[in-house]
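**Q** task: produce atomic coordinates for the following.
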Amino acid sequence: PLYTRERARPGNLQISKDGTMWLPDPFEIRWLSYDIANSKWTEYPYPIEEIRGNVQGNSMALAPDGTIWESGPGSARRLNPATGEWSDWDTPSWKRTGADPGGYGNTIDGAGRFWLALEVVNAMARFDGETGEVVEFPIPIPESFPRRMDTDPNGDVWVGLWAAGKFLKIDHLTGDMEVIDAPVEHGGTYALDFDD
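**A** Purely as a prediction, here's the structure:
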C-alpha cells in the first residue's frame, strides 16, 4: 500500500516461522509486515523524530519473543508489534565519538540478545532489550571487516570476517571469541546460515 509515493523501496526483509514477512519502507517512513497466508499488510509508522538514523538499516532480525530488530549507524532499533512500542540504543563507540562505527549484519543470540557488526571500528556490539545494557567486544584480528552473521543451534553467534577471510565464533554466554580459518585463503567470508 502506497500513500505518498508512486513506488516502494523495500529494504532487507525477513520471514518469520509463522509466515510473516517483515521489511522497512523508507519512502513511506514505516516498517511493514505481510501475513503471507492471509495476504494482509500491517504498517508501523517509524518515529523518525525520535530514533537516530534512517528508517532502513542494513539488516533486520526477528527475535523469538516476537520483537523486530534492525541495525542502525552505531545503534539498534526494536519494534514490539504487540504493543507498537519502539526502542533504540546507541553503542559505546557512538556515544564516545559521535562518529558512525558501522552497523552491518546482525542476529539474535540464544539468550534473545541482539548482536551487531561494527565494521568501521572492528568490533561486535551486543544489545540486551530487557536490561538496556550495550556492550562492545573488540575483534581479535585487525581490520577484519565483520559482515553478516547467524546463530548456531547452541545460541552462539558466528560472523563472516570479510577482509580477514575467516569466521568468528562468539560464545553468547561469555563473549569469548574463537577465530576459525576458512577452507581457502582470502575467501571473502561474507555470510553464513545455520539450518534448524
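
**Q** check which element follows the helix or strand harbouring Met21 along the chain.
**A** Here Met21 is covered by strand 20-25, with elements defined by DSSP states H and E. Helices and strands here follow DSSP H and E; after strand 20-25, the next one along the chain is strand 30-35.

**Q** same for the strand holding Met21, what does it pack against?
**A** strand 14-15, strand 30-35, strand 60-62 (3 or more Cβ pairs under 8 Å, 6 or more residues apart in numbering; DSSP states H and E). (Each C-beta comes from the backbone N, C-alpha and C, glycine too.)

**Q** redo that, cut-off 6 Å
**A** strand 30-35 (3 or more Cβ pairs under 6 Å, 6 or more residues apart in numbering; DSSP states H and E).

**Q** and the residue minimising distance to the centre of the chain, what pLDDT?
**A** What sits nearest the mean C-alpha location of the chain, by Cα atoms, centre = their mean, is Asn106, with 3.1 Å. With respect to pLDDT, Asn106 scores 96.

**Q** for Pro10, same thing?
**A** 84.

**Q** quick one: contacts for it?
**A** For Pro10, the contacting residues are 23, 25, by Cβ atoms under 6 Å, 6 or more residues apart in numbering.

**Q** all numbers from here: first residue = 23
**A** Yes, from this point I'll number from 23; that puts the last item at Pro32.

**Q** before we move on, the earlier item: so what's the residue nearest to the centre of the chain bridging to?
**A** Asn128 has the following beta-bridge partners by DSSP bridges: Leu138.

**Q** what's the answer for Met199, then?
**A** When bridges are called by DSSP bridges, Met199 pairs up with Ile192.

**Q** so what's the residue count around it?
**A** A total of 17 residues lie near Met199 under the criterion other Cβ atoms under 10 Å.

**Q** do you know how far it is from Ala133?
**A** 17 Å (Cβ to Cβ, to the nearest Å).
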